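K.L.:
sequence and predicted structure, then a few things I'm wondering about:
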Amino acid sequence: LGTQSVLQAKSLSELLRTTIEGNNQLVEPFTYGVLVAWLTATFFWMHRMDRGLKKFDGLFIIPLFQVNWTLFSIIGGGIYFQEFNLFSLGQSLGFAAGIFMVFVGVYLLAPPPRMKHTGSESGEELINRARRSN
């Protein structure tokens with residue numbers, strides 16, 4: 001649902017562009033429906049990010065959220081605005097390769113699993129064990 005904020009923001013920008021070009025969309029109820037949908041989706045996204053940060057390490061959850069948000073924003077926008085209809089085979093392959101590279105990049109940036117403290121070793125021993133494993 002958070003990625004809907006991107007689609008709604010683009011819809012709002014299109015409605016404002018149309019208004020600036022002389023066809024006033026600010027008198028249409030649809031415009032305000034899109035505005036409410038955008039605010040709702042944005043609030044939902046921020047709420048989920050906050051809950052994720054409370055449950056998981058930020059070094060893990062922020063890249064995970066960001067990759068998913070980016071992927072589904074791109075796919076949702078491509079479908080909703082019919083941007084994929086004009087892709088050639090080369091563009092489709094380039095798009096897939098780009099998405100793959102984003103996932104690989106985030107995977108490589110992800111922190112290693114944390115070392116578990118058994119309780120029987122001192123803090124200094126735990127630090128030395130972590131250094132040896134890297």
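P.N.:
Great, that's in hand. Numbering: from 1, shown residues only.

K.L.:
buried residues in stretch 40-50?
P.N.:
41-42, 45, 49 (16 or more other C-beta atoms under 10 Å). The way it works is simple: take the backbone N, C-alpha and C, and place the C-beta from them, glycine included.

K.L.:
same check on stretch 3-11?
P.N.:
3-8, 10-11.

K.L.:
can you flag which of these belong to helices?
P.N.:
4-8, 10-11 (DSSP state H).

K.L.:
against residue 44, how distant is the residue nearest the centre of the chain?
P.N.:
Among the residues of the chain, the one closest to the centroid is residue 69, at 1.9 Å (C-alpha atoms, centre = their mean). Distance of residue 69 to residue 44, computed by C-beta to C-beta, to the nearest Å: 12 Å.

K.L.:
cool, residue 30 as well?
P.N.:
21 Å.

K.L.:
now do the SS call for residue 82.
P.N.:
At residue 82 the chain is in coil, as set by DSSP: H, G, I helix; E, B strand; the rest coil.

K.L.:
give the contact list for it.
P.N.:
Not one residue lies near residue 82 by C-beta atoms under 8 Å, 6 or more residues apart in numbering.

K.L.:
now do the phi/psi pair for it.
P.N.:
Here the main-chain torsion angles of residue 82 (degrees, to the nearest 10) amount to phi 60, psi 40.

K.L.:
returning to what we had before: would you list the ones in helices among the buried residues of stretch 3-11 in a markdown table and tack on distance to residue 34 and pLDDT?
P.N.:
A markdown table is the format used below for those (distance: C-beta to C-beta, whole Å; pLDDT from 0 to 100):
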| residue | distance to residue 34 | pLDDT |
| --- | --- | --- |
| 4 | 11 | 85 |
| 5 | 11 | 87 |
| 6 | 13 | 84 |
| 7 | 9 | 86 |
| 8 | 6 | 91 |
| 10 | 10 | 89 |
| 11 | 5 | 91 |
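
K.L.:
tell me which of those residues is nearest to residue 54?
P.N.:
The shortest approach to residue 54 among those belongs to residue 5, at 20.9 Å (C-beta to C-beta).
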